[in-house]
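Engineer: any chance you can model this:
(chains A, B, C, D and E)
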Amino acid sequence: MLDLALQFTVNGLVVGAFYALSALGLTLILGLMEVVNFAHGEFYMMGGIIAYYLTGVLGLDFFASLAIVVLVMGAFGWVVDRLLIRPLRSKDTLSTALVTIGLSIFLVNTFLLLAGTAPHKVATPFPTAPLLLGPVVINETRLFAVAVAAVAILGTHLLIHRTRLGGAMRATFQNKEAAALVGIDVERIYGFTFALGTTMAAVSGALLGSIYVAQPTVGGLVSLKAFVVVILGGMGSFAGAVIGGLILGVAESLWGGFVSSGYQDVIGFAFVILLLLVRPYGLFHIRSERV
Amino acid sequence: MRGEGRILLALLAVAAVLPLVIHDDYFLHLLVVAGFYVILASSLNLIVGYVGELSLGHAAYLGLGAYAAALVTTRLGLSPALSLLAGAAAGGIGGLVIGALTLRLKGPYFVIVTLSFAEVLRLVASNWVELTNGPMGISGLKPPDLALGRGLVLAVHSQAAFFYLVLVLATLALFVMYRFVHSNMGRAAIAIRENRHVAQSVGIDPFFYALAAFVLGALFAGLAGAFYAHYFTYVGPEVFGFSFMMSMLIMVLVGGKGTLIGPVLGAVLVTLADEYLREAQQLRLTLFGLLVIAVVLFFPEGLVGLPAKLRRAAAMRGEARQ
Amino acid sequence: MTAVLSVDHLDVAYGQVQALAGVSLAVEAGEIVALVGANGAGKSTVLRAVSGLLRPRAGRVSFEGRRIDSLSPRDILRAGIAHCPEERKIWPAITVAETLELGAYTRRDAAGAERDRRRVYAYFPRLEERRRQLAGTLSGGEQQMLAIGRALMSAPKLLLLDEPSLGLSPMLVDDLRRVILDIHCDGVAVLLVEQNVHMALDLAARAYVIETGRNVIDGRSATLLQNDALVRAYLGA
Amino acid sequence: MSIRWMVAAAMVSAAVAAPAHADSIKLGVIQPLTGSVAYNGTSFVNGAKLAAEEINAKGGVLGKKVDLDIEDGECKPDKSVSAAEKLIQKDQVPVLLGAFCSSATLAIMPVAQQAHVPLVTGVSSSPALTEKGNTWFFRATETDALLAKGFAKILHDDLKLTRLAYLGVNDDFGRGAVDEFEKAMTAMGVKTVLTDYFEHGTTDYYTLLTRGRAAHPDGIFVAAETQDGSILVKQVKELGINTKVFGVGSWATADFMKLAGDAANGIYAAVPYAATMPNARNKTFVAAYQQHYKEYPGKYSAAGYNVVNIVAEAIARAKAARPDAIRAALEKIDYQGVNGAFRFTDKHQAYGFDEVLVKLENGQPVIVATTTVEKP
Amino acid sequence: MSAALLELDGVSRHFGGLAAVREVSFAARSGEILSLIGPNGAGKTTTFNLITGFLRPSSGRVRFRGADITGLKPHRVASLGVVRTFQKTNVFGGLSVFDNIVTGQYLKARLPYWRTWFPGRVASARDADMRRNTERLLDFLDLKRRRDDPAMSLPYGDLRRLEIAIALAAGPELLLLDEPAAGLNTAEAKDLVRLLRVVNRDWGLSILLVEHNMGVVMEASHRIVVLNFGEKIAEGTPDAIRSDERVIAAYLGRRQGEP
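Structural biologist: Residues are numbered from 1 along each chain as shown, chains lettered A, B, ... in the order given. Prediction:
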């Protein structure tokens, strides 16, 4: 029983790390920019499909492909922000949510046309043999993937907290006018943040595409889980997103393990509902209450 | 009677004679589907258009209504006429509970929590096999024949009969909404959308009226769900799915939110466009996505706002010339 | 001496609302000029138009002989005008030290920025003590110091100060007065918007009084203080 | 009072539903071409297109070309009904082929019945479909019960199974397959140690499989399609679970084996069709399919191919492309398909065709056992 | 001048550690125009929010006609007859001027909810009443020309009058106006003073006014309460306030060297 609980916890932590990774981009776009981005899962999907073409069809090395995904999707994110999000910057949640719903429909179906309906697998750079750690089974692929996820999360964290650009991002989202007054080009920061969020989603899609599958229709579920993680983590908090991801992963794993798999997906939504009923602004969110 | 009411009456008159001149069952089928979406989109519009909150959980009430209708007819053997009522009631109660819990949330939180409720219900529908038959769904629903008295049965079997049924339901829904919107209650709901603070300062309770509109919207979504169940004769967990949500949202948006006519036009046009775009085969959903983007960016007021937009543009040109 | 900043017949509107109608003023190099007037008269709007946060509808703004009224805030900052906005607008979750770093965002000379940082810490020793604290945890007075320090980090030739004494206790106002004089002594011109008229007129050599978006009086501070029109502008006739 | 004239109008329009173009016979196809099962729907359509092409190359049916009228039903009941209405009313097809998901098929069955147009599915496997008493509906494929009945004994005897864990995708197909196999295996004394379902699109099965492992089964039964199934069997290997894995779904396909990689080796699949089936008819089909699509046909490609051929043969036998005539001919059909013969029972369930148990080895589905579906 | 209509009794409000309003007590009498003045950040708008329920006091009580209304929700406060306007102009932007004023009469137009769907004669009579009342207000506030324009297209001066029209439409007993003269030119400000006087004298409304335009304050008010740093520093007639040293110091700042 204890062994089992341990195995479930480890499974949950691994999956939680993946949830956190795939939600990081949304933390930026939803949490900081307050764009309810329904195309998040499609950005993830695009990362996977592009990586599949690069590794599976063109035979490129996985990490070289990852670099190309970063460049391509960064540029794509920038363009999306410039054309679709920027004109709606001063509008309400509704408009940007709708435009991303449109984008999501467009991307799924365009990729169904371009890449076909079949699931694909991104060539994995890691060995897949099982690995025993005491009573717990894990395998190298997952350890590597968790390591890459950790590096990506840490890297982005450092980018945001240790670089001049990151400082400009934080300044912009904490007070736009003051940011403009110290010479930060606010629009460029918005564009960059959106591009970074897009890239993060795509990178996680490429990485997880090597573990699961890459397919034009995977986005919807990814978006939903990412929304859950970002809300649990408290909108815009990086550490929160990681904790939110891990909580979700472990809770799902324990519930699925000891109760029933059928309702496993309910957990996240139930958490979100309960959390927001008790704390309407999320777990790690601090907000002043001035009118 | 205001302009909006007159246009709706005219549309009703046109719709009422359609089956007399059109004998194409396929086209009638599309009109029935459009009628279903008229009810659904109008009900969503009460929340999105009049209260001004983006509820992405509206499929929850559609689903509750559909399952309620399916269950009371197949399990309890109630008459289909009663199942329409049961569907509306289920939707309304769902709206009351979910609205009471979510309406104090703002912005992205409200959006995602309402969506979460619909997802939870979808998962319950597909896992509570004993009640809902799980993913296999409930099939073989009977047409909603209306017993008018001893031996007097209004049979609803043909497309035309279904069309008249949906026309009656849609008329009822729009009448109730029309009265609501053009009453003190509706004005209060609109006031909240336009300026919450001023609304409060003239004595309007924002929570109460947001909830009232929410429940009314959910009730008609439930009614639409019950109609759906009887028309398509099959109800499965997909009635809680996001694709219905997207369809009705797009209709509200394309037609013009915050007006009664907008969602009606939107529902009819989008239903027909979706169907006639079949010719474009797989490209159609790609085009659909682009259409949504274009509407948000270039026609935020939808089709209904188009004449005003054109007038403004003409006025601008006129000014420029002077 | 010639004016470094000159504002000529500035018109600004917020949508339909005309906020400024033909406001003119000038600041000479190294000079402190006060801009006073009742609330809602448009003082902050003048500063926002100068620093590029608002686009004027008509009129012109020149700095060191160059027209700047269509430049971005970033370019105006680079030209040498820093704006310390009303209500401080600090970044609550960024540390004091980092806020100052960001103040030097457009600068490329690390040595100069370092020098300016030391200068800011010299003006405000409290900030150095609290350099690792998040700005949101500072007291109101410290936040005001931080906001001024941030503006100084771009090594401006002209500092636009908007209501720096707002919400400060009398003791802090005295400190603030001294710092503004120090900044002035270091050769920075200051355009000061203040509701504390005495402080403003004590500091400034010259002052402009505006009322409902229009210039009403201007002149040397010493004479203005004797002017009944000034009291009227504040307390009504 | 019934709205009699309306019913009459409906009947008139149904009666005049005759082929619109004299030079071709239209077959209405409803499959999911978008959405998450589009992959399988596309396979079906590929098989169907190949069949139509071959028929037309041989001069068509009744001297007319066969023309597939393909609509996207998205696997959704409402969209499938719209597609059916369009095909029947607007295009006036005399017969419908579809749909994929049982829920969509359930929704269009009454439409076909009311319009008096035969509906032939080559995919939907829910046993309930043929129990509805719908005389216009035909199923030209196995049901889960038939598959279970055919292979339970072989599995039990050959694999020496005693304790089984059943994992199924949470939809009509997965639940139906798990139910039927569990029933059949239990009847032979096999103990059920775990039954559980997962949502379509699940990516991580570690928790489910950990539970499976903890129940100490000597065999794991899986009901899932390509995407879910390939990830699942891969994770079985990753977790170091060495029990035998077998299941149902489109597993005997190149795609499945490619996605699952090494993990596919040694897995058993009970399928109504595998490209390695040895009969001559199949060899020609596989060759033609490979030439067209550069891949091996799978279960759904074969289903599409079969159904078009069955319907074409019915039309040829009926000597008319009229719905009622086609229905009558279908009831008496005896079609030799790529996987054996197809005949229909009184309830319009197909029988007489072969089913195979394959073992996946090095990217090939090796046939372990073959059984013919008896008349139930 | 009669009894106290609105009483604040030791009302405080803290934000974090900061006291925005500290132990403020004053009373507005029935039938008077009372002004609340003070430099920026003195806590005037916060006081408004505390009275009207948009903020809950940290301590202290607010009473209206003797009844405790501390912490009531804004719409409940409004339904008792305390109606406010906002500092930054607030109207129902998307509605026409006419509909803005109709909406303002929400409280008067209330009927049992079932009447929404079965309006009958009662509702149409009520509707006709409201329309008449609306036309009257349009006339009174010189907005007739703008009757059917959307509120957001109005010029500033009209907008500020519309805001007051909405508040008047709500039928208040006590009207709270937050900087109604901000952004008005001299002539418009004079009109405003006239308007306030008419409303006060002829309609019998009591008014609590927050205003920076001292011309308006001095001319319109019967009495004035002065806040500084969240505390009340003076209370009295306009003449008394004008010559109060503490008030002058608060407004103009202390001279150097003064205590």
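
Engineer: lowest-pLDDT helix or strand in the chain?
Structural biologist: Using chain A here. Least confident helix or strand, chain A: strand A:130-133 with a mean of 75, by mean pLDDT, DSSP states H and E.

Engineer: meant chain B, my bad for not saying
Structural biologist: Scoring the helices and strands of chain B by mean pLDDT, DSSP H and E places strand B:146-149 at the bottom, with a mean of 62.

Engineer: is E:K232 in a helix, a strand, or coil?
Structural biologist: strand (DSSP: H, G, I helix; E, B strand; the rest coil).

Engineer: now for it, how many residues are close by?
Structural biologist: 21 (other Cβ atoms under 10 Å in any protein chain shown). Just so you know, the C-beta spots here come from the backbone N, C-alpha and C atoms, and that holds for glycine as well.

Engineer: can you pull out the low-pLDDT segments for chain A?
Structural biologist: A:128, A:281-291 (pLDDT under 70).

Engineer: how does it look with 80?
Structural biologist: A:1-2, A:92, A:124-141, A:234-237, A:260-262, A:279-291 (pLDDT under 80).

Engineer: show me where it has its helices.
Structural biologist: Ranges of helices in chain A, per DSSP state H, are A:2-26, A:40-52, A:62-80, A:93-115, A:140-162, A:164-174, A:176-181, A:186-209, A:219-233, A:238-258, A:266-278.

Engineer: got TSV for those helices, with distance to B:V198 and mean neighbour count too?
Structural biologist: Formatted as TSV, the helices of chain A follow (distance: least, Cβ to Cβ, whole Å; neighbours: other Cβ atoms under 10 Å in any protein chain shown):
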stretch	distance to B:V198	mean neighbour count
helix A:2-26	35	23
helix A:40-52	36	29
helix A:62-80	36	18
helix A:93-115	20	22
helix A:140-162	39	16
helix A:164-174	29	20
helix A:176-181	26	23
helix A:186-209	31	25
helix A:219-233	31	27
helix A:238-258	35	23
helix A:266-278	27	20
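
Engineer: make JSON lines out of these and add distance to chain D.
Structural biologist: Conversion of these to JSON lines gives the following (distance: least, Cβ to the nearest Cβ, whole Å):
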{"stretch": "helix A:2-26", "distance to chain D": "4"}
{"stretch": "helix A:40-52", "distance to chain D": "11"}
{"stretch": "helix A:62-80", "distance to chain D": "15"}
{"stretch": "helix A:93-115", "distance to chain D": "6"}
{"stretch": "helix A:140-162", "distance to chain D": "7"}
{"stretch": "helix A:164-174", "distance to chain D": "31"}
{"stretch": "helix A:176-181", "distance to chain D": "38"}
{"stretch": "helix A:186-209", "distance to chain D": "7"}
{"stretch": "helix A:219-233", "distance to chain D": "5"}
{"stretch": "helix A:238-258", "distance to chain D": "4"}
{"stretch": "helix A:266-278", "distance to chain D": "10"}
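
Engineer: dump these to CSV, plus distance to D:D23.
Structural biologist: Output for the helices of chain A, formatted as CSV (distance: least, Cβ to Cβ, whole Å):
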stretch, distance to D:D23
helix A:2-26, 54
helix A:40-52, 42
helix A:62-80, 48
helix A:93-115, 31
helix A:140-162, 57
helix A:164-174, 66
helix A:176-181, 67
helix A:186-209, 48
helix A:219-233, 43
helix A:238-258, 58
helix A:266-278, 55
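
Engineer: which residue ranges of the stretch 1-150 of chain E form helices?
Structural biologist: For the stretch 1-150 of chain E, the helices defined by DSSP state H, counting those that start in this stretch occupy E:44-52, E:74-79, E:97-104, E:106-109, E:120-140.

Engineer: pLDDT averaged over the shortest one - what is it?
Structural biologist: It refers to helix E:106-109. Mean per-residue pLDDT for helix E:106-109: 85.

Engineer: again, but for the longest one
Structural biologist: Summarised as a single mean, pLDDT over helix E:120-140 is 89.

Engineer: off-centre distance for the helix or strand that comes right after that helix?
Structural biologist: For helix E:120-140, the succeeding helix or strand toward the C-terminus, using DSSP states H and E, is helix E:156-169. With Cα atoms, centre = their mean, to the nearest Å as the basis, helix E:156-169 stands 11 Å off its chain's centre.

Engineer: close to chain B, is stretch D:201-209?
Structural biologist: No. Stretch D:201-209 stays clear of chain B (Cβ under 8 Å from any Cβ of the partner chain), getting no nearer than 12.4 Å.

Engineer: er, stretch D:70-87 actually
Structural biologist: Yes. Stretch D:70-87 is in contact with chain B by Cβ under 8 Å from any Cβ, via D:71-72, D:74, D:76-78, D:81-83, D:85-86.
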